[in-house]
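Novice: sharing a model that was predicted from the sequence below.
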Amino acid sequence: MKYFLRRIGYFLLTLWAAITLNFLIPRLQPGDPAELMIRQISGRDTEIDPARIEAMRVMLGQPDGNLFEQYLAYLGQLARGDFGYSYTYFPATVTDVIGRALLWTLVLVGVTLVLSFVLGTVLGAFAAWWRNSPFDSIVTLGSTFVGTLQSFWVALLLLFVFGYVLGWFPTAGGYEASMPGLNLEFLLDAVKHSVLPAAVLMLLGPVGWVLGMRNTMILNLGEDYIRLARAKGVPDKQIALRYAARNALLPSVTGLAMALGGILGGQILIETTFDYPGLGRLMQQAASGKDYPLLQALLLFTIVGTLVANLVADMLYGVLDPRARKAA
Amino acid sequence: MKRRTLLATGPLAAALVAGTAACSGQIQTNQGGGAATSGDGTTIPQLTFPAEVAENVAGITNFNPFSPNVTSKNYFYEPIMIRSSMNCEVVPWIATEFAWKDDTTLVFTIRDGVTWSDGKPLTPDDVAFTLNLRKQYPAADDIGLWNDVFGAPAESVEVDGQDVVISFSGLAAAKFDSLITAKVLPQHVWEDAGDPTQHVDEKPVGSGPFDLGSYNGRRLQLTRREDYWQADKVKVQELILEGNYDATNAALKLTAGDLDAFWGEIPNPEQAFASKDEKLNHFWYAPAGSTVLTYNLTKSPFDDAKLREAISQGLDKDEISAKATYSVMKPASQTGLKLPYAENLLPDSYKDQETVLPFDTAKAEELLDAAGYAKGSDGFRTLPDGSAFAPKFLVQAGWIDYQAAADVVVRNLQTMGINASVQTSPPEAVDQAKKDADFDMCLEYLHGGCEVARNLGSKLASDQVPTKDTVKANVGRWEDAHTDEIVAELSGETDPEKQKALTGELVEIMMTQYPVTCLFYAPARMIYRTDKAEGWPSEEDPYGTNSEMLMIITRLVPPSAS
């Protein structure tokens, strides 16, 4: 019990620190959102009408009070789940804007993440089992090579080849001609648009899992209990899957939980490259547009997502592996 | 990163697309008129423009003109009047005419027979409502009607028959240009909306030329209104607003005919677009204002007019505009006016005279020698008191044209013996430096709008000096009582002849004191195809530019059969 209380204590402390940093950092940045917004709307070399900046300031609302009062107000708002208005999408609220982008990222990143995990783990397990075989060499070397590639570079390459040269897939956006909603036309449209970004994620995603799984499993295969199992005459297949793989899976599960928590941050580079309407692109736009309320909420979601996932993983670990509970 | 890579691939893809486009063009000419794209010859079936909303997350639909992210700002709600930014003519629109009854009273006569898209008539009450709404909700006062931005605040807006009468508490002539851009709203729809800036307007009831067809978050389809008050001038049956394009993509879409016009940045439109089909592909980069070199006049030695004159003489404006704009834009006149469009404002003494300063290094060196900036043993000049002089030229990182211009400027400065260097910073940091007067030299935009008091005037007026938290126009901090008087008088002046005389005095200051040095014109871009529509603004017919899209729509006609 003490173990769980302690984890929750850590969780709350980190959460508080995250919220406080999240509040402070945007306020240390130079630039006035009202001015920036007018500038963005009107473009670079255009007349900036002071009246419009003035109106925009009133519209967005100036923060009241000193930094500490603002901080208290911010905490109060968070407690109520009120993230305020987005500057860029005014008068839409932050919650509304995030809600629109959420599903795109959850589906794209979520699905590819789970598939990458399954694929990577299976490949890693077999590579470890058939250690030093041609299969192992191909998988390990292949992953190492692919792992050195930058995601945006792969994205650009696929975009160029399949989007521009071959023209098989659309080059930008989440959908095109169809009306959003639960109809076949829209779903097909959306799937077509997500093929390229998903391909990038599927190409790069499994790498970490492959290498992680292979290495832990090789360690496990050298353990005494495997030798015992062999001595007992347990069939190879059973040793590989039930004994070694199962134990080797533990660290990967933690990793998966953390990665799932991180989904909320989206895939900034990939979503931006494909102009995909998910959370990653939203975060990039919020950052470049100085949309503090939106940016803060997105960062907060990412942090809270990761923290919660971490907590869950810790708890699970405690359940799965009694040693972790004892040691703590 | 994306942009750079695509640029490299652009020519290849563009060549492919251009090939197909040329073929289809030929077929059309053989058929004599091209029935497929130009309809029955009296209408334009469909045009495609880029989306007006910059960043949309799965389509937040809001036609509220006060929203920073309005889905379409041009075609539903119409302004009171339109002043062409090119020839400065005030074009009657919702108001048929305006008059300054006296120095502080402005009267608009509202057009009879304008209807809202729900069939109700547009009345002077709607116009008064629109303006009075800004009094009740200061956040909506984007034209500065009720505050003291560029003139005295309004005291009242009243309806008198077919007229709307605005009384100001003082001189307010300089408010006119922004005042007429106010979008007239239907009172019967908006009076219950509460704070107009927070209203979500999904079904616009406007007076404009189009009805909302459909919108799926990316593609906005507008259909022509039969009962639009000047429907006879609108030939476009359907207007599609779709997509946000970078330069490369826009050039590709334009060349392929998927886009009929574009006004975003395409750095080299001749090479990227126009050269692909000389007959159909056109562009017109009109001067919108000037890119100027601004000195920090609060810092020695930039407070020395002799130094500024020498620098102004020693800069190669032709090369600067060649490097920064591929020579698409011409070197700018030192008068601060955009010529030849603002020629009527030029004082007689400068008529027919070259006002773009010639590039003359020898003269620059002569001036510097005479002013006491002696060359040291290292070849660099020192200040008259003998101390070192190494100014920093602050440039926005990532603004490629500014960086290119700054490179040439610094090279020119080095040639005349001034040890200048470029210092790049993120645009926000440059803004901050402007507020804090923490720079030696920087590049800036001087708007060439019709109201000189607001543009050249505010660049030189001491009440337009940036404060700690607001960037205003007078970044160089030109503070001069005489100039202030001229600007103040000019902002209250409604008589064109007197406006011209006062503008002349500002021009004189620019030509003799060099508060800023004008380098090259900054563009208002129009890039378009003429296979589906003609009548776009051009150098030959400069009636407006991309800030007057509503006016352009009423001027477009089907292509002539030739």
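Specialist: Here it is on my side, so go on. If you're wondering where the values come from, they're calculated on a predicted model, not measured in any experiment.

Novice: so what's B:Lys323 up against?
Specialist: B:Ala404, B:Ala405, B:Asp407, B:Val408 (C-beta atoms under 8 Å, 6 or more residues apart in numbering or on different chains). Placement of C-beta: from N, CA and C, glycine included.

Novice: name the element the last one belongs to?
Specialist: Right, B:Val408. Assigned by DSSP states H and E, B:Val408 belongs to helix B:400-415.

Novice: what about dumping the CA coordinates of that helix to PDB?
Specialist: Extracted C-alpha coordinates of helix B:400-415, given in PDB (Å, rounded to 0.1, in the frame of the first residue of the first chain):
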ATOM      1  CA  ILE B 400      14.500  35.900 -47.000                       C
ATOM      2  CA  ASP B 401      14.000  39.100 -49.000                       C
ATOM      3  CA  TYR B 402      15.000  41.300 -46.000                       C
ATOM      4  CA  GLN B 403      18.100  39.200 -45.500                       C
ATOM      5  CA  ALA B 404      19.000  39.500 -49.100                       C
ATOM      6  CA  ALA B 405      18.500  43.200 -49.000                       C
ATOM      7  CA  ALA B 406      20.500  43.600 -45.800                       C
ATOM      8  CA  ASP B 407      23.400  41.700 -47.300                       C
ATOM      9  CA  VAL B 408      23.700  44.200 -50.200                       C
ATOM     10  CA  VAL B 409      23.200  47.100 -47.900                       C
ATOM     11  CA  VAL B 410      26.000  45.900 -45.600                       C
ATOM     12  CA  ARG B 411      28.300  45.300 -48.600                       C
ATOM     13  CA  ASN B 412      27.600  48.900 -49.900                       C
ATOM     14  CA  LEU B 413      28.300  50.300 -46.400                       C
ATOM     15  CA  GLN B 414      31.600  48.400 -46.300                       C
ATOM     16  CA  THR B 415      32.500  49.800 -49.700                       C
END
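
Novice: what's the angle from whichever helix or strand comes after that helix to helix B:400-415?
Specialist: Next helix or strand after helix B:400-415 toward the C-terminus (DSSP H and E): strand B:421-425. Interaxial angle, strand B:421-425 versus helix B:400-415 (axes from the mean of the first three to the mean of the last three C-alpha atoms, to 10 degrees): 160 degrees.

Novice: distance from strand B:421-425 to the middle of the chain?
Specialist: Here the centre of strand B:421-425 is set off from its chain's centre by 26 Å, with C-alpha atoms, centre = their mean, to the nearest Å.

Novice: then stretch A:287-299?
Specialist: Taking mean C-alpha positions (C-alpha atoms, centre = their mean), stretch A:287-299 and its chain are 16 Å apart.

Novice: what average pLDDT does that stretch get?
Specialist: Stretch A:287-299 shows a mean pLDDT of 82.

Novice: what residues does the stretch 51-200 of chain A put near chain B?
Specialist: Residues of the stretch 51-200 of chain A lying close to chain B (C-beta under 8 Å from any C-beta of the partner chain) are A:51-56, A:58-59, A:87-92, A:96-97, A:100-101, A:104, A:152, A:156, A:160, A:164-165, A:171, A:173-180.

Novice: now a ChimeraX select for only the buried ones of the residues you listed.
Specialist: To isolate the buried members of those in ChimeraX, using 16 or more other C-beta atoms under 10 Å in any protein chain shown:
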select /A:51,52,53,54,55,56,59,87,88,89,90,91,92,97,100,101,104,152,156,160,164,171,173,174,175,176,178,180
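
Novice: who touches whichever helix or strand A:Tyr225 is part of?
Specialist: Counting by DSSP H and E, the element that carries A:Tyr225 is helix A:224-232. Residues from elsewhere that reach helix A:224-232, judged by C-beta under 8 Å, 6+ apart: A:Asn220, A:Ile239, A:Tyr243, A:Ala244.

Novice: what's the pLDDT at the nearest residue to the last one once chain neighbours are set aside?
Specialist: Leaving aside its chain neighbours, A:Ala244 sits nearest to A:Asn220 (4.7 Å; criterion: C-beta to C-beta, 6 or more residues apart in numbering or on different chains). Here, the pLDDT recorded for A:Asn220 equals 84.

Novice: geometric centre of chain B: which residue is closest?
Specialist: Centrality entry for chain B: nearest residue to the mean C-alpha point is B:Ala288, 4.9 Å, by C-alpha atoms, centre = their mean.

Novice: actually chain A, not the one I wrote
Specialist: A:Ile263 (2.8 Å).

Novice: where are the low-confidence patches of the chain?
Specialist: Reading this off chain A. Where chain A drops to pLDDT under 70, the residues are A:1, A:29-31, A:43, A:62-64, A:177-182, A:265-266, A:322-328.

Novice: oops, I was thinking of chain B
Specialist: B:1-41, B:54-59, B:561-562.

Novice: tell me which residue of it lies closest to chain A.
Specialist: B:Gly144 (2.7 Å; C-beta to the nearest C-beta).
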